[in-house]
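1. Sharing a model that was predicted from the sequence below.
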Number of protein chains: 2
Amino acid sequence: MYAEERQQEILGRARAAGRVDVVKLAEEFAVTTETIRRDLTVLERAGVLRRVHGGAIPVERLGFEPALAARDEVMTEEKERIAKAALAELPEDGAIVIDAGSTTGRLARALPGDRELTVIVNAPPLATMLATRANLTVIMLGGRVRGRTLATVDDWALRPLEDLHVDVAFMGTNGCSVGKGLTTPDPAEAAIKRAMIGAAERSVVLADHTKFSGVYLARFAALTEIDMIVTDSGLDPAVAADIAAAGPEVVRA
Amino acid sequence: MYAEERQQEILGRARAAGRVDVVKLAEEFAVTTETIRRDLTVLERAGVLRRVHGGAIPVERLGFEPALAARDEVMTEEKERIAKAALAELPEDGAIVIDAGSTTGRLARALPGDRELTVIVNAPPLATMLATRANLTVIMLGGRVRGRTLATVDDWALRPLEDLHVDVAFMGTNGCSVGKGLTTPDPAEAAIKRAMIGAAERSVVLADHTKFSGVYLARFAALTEIDMIVTDSGLDPAVAADIAAAGPEVVRA
DNA sequence: CGTGATCTTGCACTTTCTTGCAAACAACCA
DNA sequence: TGGTTGTTTGCAAGAAAGTGCAAGATCACG
């Protein structure tokens, strides 16, 4: 196993568990704690982890102080499958929007290396990850960066979207219901999402099945505006049928 | 078998398996490891693979950029001291701009946690790092993200700056000379830097002493526009005096 | 304020990488 | 055909990276 692979895996575990432990990692990878510490240093320098005494935590859950061992990323298996399935909707070339979010983040990571694409994002971590890819042109939407979601919002993010037209928007969501459509807790984020969908020829929503049981404050799209919803096999087929009846094609990966 | 064919085959295997091993490839293609290494170098230059110690990994498999961390491994001591010294120029509260760059990145990392500040950045990694801090409001400038420097450029980054006024701009630079002022290789980045300085009440440049021996394509500021230059003790005092005579206060940390 | 755990740092060892050079090979052009 | 030119490959020596070990510093927590 290469050092980079180990680091990748460590990052994944940190995001999944909300925190990793030096000694445990050393045991599981069968290396010494020094090696793990060096890995954590690399990851911290890359800006994706923050080291703490005994281990490290991913930057995106730094805002909340001390270790509520709350799992940050759940349903990783399903999200991976959803992202893979959504890749089928990628245009051969052209432009896409990728919304901020953990599932859409996996989609971004899985973008092929051999297709010339222009990618519009509003999440600084996504921009960092994608910008070094030789086959991609990355455009970052500006604006105030929300600490919670690490996504840009507000006026400066909205305005460029008015002048953009992309082939496909890959969107995340917090809630998805037949009656209320797609919802999210933050009105500012809802505004961005709405603008993203407005700028796109087709809109594809990536949502694991847990997202279909909640409704949040701000609606950013009705189901009729969405062309496809990619979810996992855990979604009740009856609900899937209801949604499909309301407009979007439903793919259960 | 031609080199080109072999490289395509290597790329195919890397994408299929997620990784390739130098020694194994050498055996299977019946060539020496040097040849394989040269192939991997070609593929890396094409932007489709990332070489790692012992082999290579396709870029789409990598979720973060390890190369980024490696970039600021030179002059770390000096950069750290420069960043610390520049902190003295922070306003009590108010707004600042932090330019993209490794030295300014260290400044960002060292920002105090007890001061209410609005921070304007054009580098996604900086935005990610700072956004989770409770005492900071982070505003990201949008635009196309350059892969080389991970900084946003072009029109959408420039326009918001016209409507902004900040107290201090902390700038990086590639070259700094008495005759030619502050220069950088990329005209698009020069435009952003120029706009940043224009939006700021005071401009502070962070530059280690190696920056004073080069001049690059595009000038983004004359020395008279700069209020202070923070550098390290490795700078020739005579040069420092020349610079100071041209306008900015020179601090040798 | 002490104690055990955790962290840093320097060093050594092994594996891997780079680089200069020469041989092998293909291509090109009288 | 034969000579020239440029590319590819292999070899060998020196450089660098990754890892583990050990000693000392630092931290968290009772």
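-> Received, thanks.
2. if you skip the residues just before and after it, what's nearest to A:Met1?
-> A:Phe29 (7.2 Å; CB to CB, 6 or more residues apart in numbering or on different chains). For glycine as for every other residue, the C-beta is placed from the backbone atoms N, C-alpha and C.
3. Alongside DNA strand D, which residues does the stretch 1-150 of chain A contribute?
-> A:Tyr2, A:Ala3, A:Arg6, A:Ala30, A:Val31, A:Thr32, A:Glu34, A:Thr35, A:Arg38, A:Asp39, A:His53 (CB under 7 Å from any atom of the strand).
4. does stretch A:50-59 come close to chain B?
-> Yes - applying CB under 8 Å from any CB of the partner chain, one finds stretch A:50-59 in contact with chain B at A:Val59.
5. ok, of the residues of the stretch 1-150 of chain A next to DNA strand D, which one's closest to chain B?
-> A:Tyr2 (4.7 Å; CB to the nearest CB).
6. Quick check: the closest one touching B:Ala56?
-> No - the pair A:Tyr2 / B:Ala56 is not scored as a contact, 9.1 Å apart, by CB atoms under 8 Å.
7. neighbour count winner among those two?
-> B:Ala56 (27 against 15; other CB atoms under 10 Å in any protein chain shown).
8. can I assume the more buried one is in contact with B:Ala46?
-> No - contact criterion CB under 8 Å: B:Ala56 and B:Ala46 do not qualify, at 11.9 Å.
9. which parts of the longest helix seen in chain A are buried?
-> Longest helix in chain A by number of residues (criterion: DSSP state H): helix A:3-17. Residues of helix A:3-17 classed as buried by neighbour count (16 or more other CB atoms under 10 Å in any protein chain shown): A:Ala3, A:Glu4, A:Glu5, A:Arg6, A:Gln7, A:Gln8, A:Ile10, A:Leu11, A:Arg13, A:Ala14, A:Arg15, A:Ala17.
10. the helices in the stretch 1-150 of chain A, which residues?
-> A:3-17, A:22-29, A:33-45, A:76-86, A:102-109, A:124-131 (DSSP state H, counting those that start in this stretch).
11. sorry, that was for the stretch 151-253 of chain A
-> Taking DSSP H, counting those that start in this stretch, the helices of the stretch 151-253 of chain A run over residues A:155-162, A:187-198, A:237-246.
12. nearest to DNA strand D, of the ones you listed?
-> DNA strand D lies closest to helix A:187-198 among these, at 34.1 Å (CB to the nearest atom of the strand).
13. re the thing from before, quick one: the helices of the stretch 151-253 of chain A as a markdown table, columns for mean pLDDT too.
-> Below are the helices of the stretch 151-253 of chain A laid out as a markdown table (pLDDT from 0 to 100):
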| stretch | mean pLDDT |
| --- | --- |
| helix A:155-162 | 92 |
| helix A:187-198 | 97 |
| helix A:237-246 | 96 |
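14. low pLDDT regions in the stretch 51-200 of chain A?
-> For the stretch 51-200 of chain A, applying pLDDT under 70 flags the ranges A:63-72.
15. how far away is the residue of it found nearest chain B from A:Gly55?
-> Per CB to the nearest CB, A:Ala134 is where the stretch 51-200 of chain A lies closest to chain B, at 2.5 Å. Between A:Ala134 and A:Gly55 the distance is 34 Å, computed by CB to CB, to the nearest Å.
16. just A:Leu161 next, same as before
-> Counting by CB to CB - A:Leu161 and A:Gly55 are separated by 39 Å.
17. Likewise for A:Ala123?
-> According to CB to CB, A:Ala123 stands 25 Å off from A:Gly55.
18. What count of nearby residues applies to the residue in the stretch 151-253 of chain A positioned nearest to DNA strand C?
-> Nearest residue of the stretch 151-253 of chain A to DNA strand C: A:Ala151, at 30.1 Å (CB to the nearest atom of the strand). A:Ala151 has 29 neighbours, counted by other CB under 10 Å.
19. Tell me who's in contact with it.
-> A:Ala100, A:Asn122, A:Ala123, A:Val145, A:Glu189, A:Ile192 (CB atoms under 8 Å, 6 or more residues apart in numbering or on different chains).
20. Show the buried residues in the residues you listed.
-> The buried subset of these (16+ other CB under 10 Å) comprises A:Ala100, A:Asn122, A:Ala123, A:Val145, A:Glu189, A:Ile192.
21. For the fifth one, list the residues it contacts.
-> By that I understand A:Glu189. By CB under 8 Å, 6+ apart, the contact list for A:Glu189 reads A:Ala100, A:Arg146, A:Thr149, A:Ala151, A:Val153, A:Ala218, A:Phe220.
22. So which of those wins on neighbours?
-> Neighbour max across the contacts of A:Glu189 (other CB under 10 Å) = A:Ala151, 29 neighbours.
23. what separates that residue from A:Arg6, distance-wise?
-> According to CB to CB, A:Ala151 and A:Arg6 sit 29 Å apart.
24. buried stuff in stretch A:76-94?
-> A:Thr76, A:Glu78, A:Lys79, A:Glu80, A:Arg81, A:Ile82, A:Ala83, A:Ala85, A:Ala86, A:Glu89, A:Leu90.
25. is it true that the last one touches A:Ala108?
-> If I follow you right, that is A:Leu90. No - at 11.3 Å, A:Leu90 does not count as touching A:Ala108 under the criterion of CB under 8 Å.
26. re earlier: can you tell me which of the buried residues of stretch A:76-94 lies closest to A:Asp236?
-> A:Glu78 (14.4 Å; CB to CB).
27. Tell me if stretch A:112-131 is near chain B.
-> Yes - applying CB under 8 Å from any CB, one finds stretch A:112-131 touching chain B at A:Pro112, A:Gly113, A:Asp114, A:Pro124, A:Pro125, A:Ala127, A:Thr128, A:Met129, A:Leu130, A:Ala131.
28. Hmm, A:Glu162 is touching A:Trp156, no?
-> No - A:Glu162 is beyond contact range of A:Trp156, at 11.7 Å (criterion: CB under 8 Å).
29. Based on its surroundings, how many neighbours for A:Leu158?
-> 21.
30. residues contacting it?
-> For A:Leu158, the contacting residues are A:Gly143, A:Ala191, A:Ile192, A:Ala195, by CB under 8 Å, 6+ apart.
31. For the stretch 101-250 of chain A, which residue gets nearest to DNA strand C?
-> DNA strand C sits closest to A:Thr132 of the stretch 101-250 of chain A, with a gap of 17.8 Å, by CB to the nearest atom of the strand.
32. Go ahead and confirm that residue touches B:Arg146.
-> No - the pair A:Thr132 / B:Arg146 is not scored as a contact, 9.9 Å apart, by CB under 8 Å.
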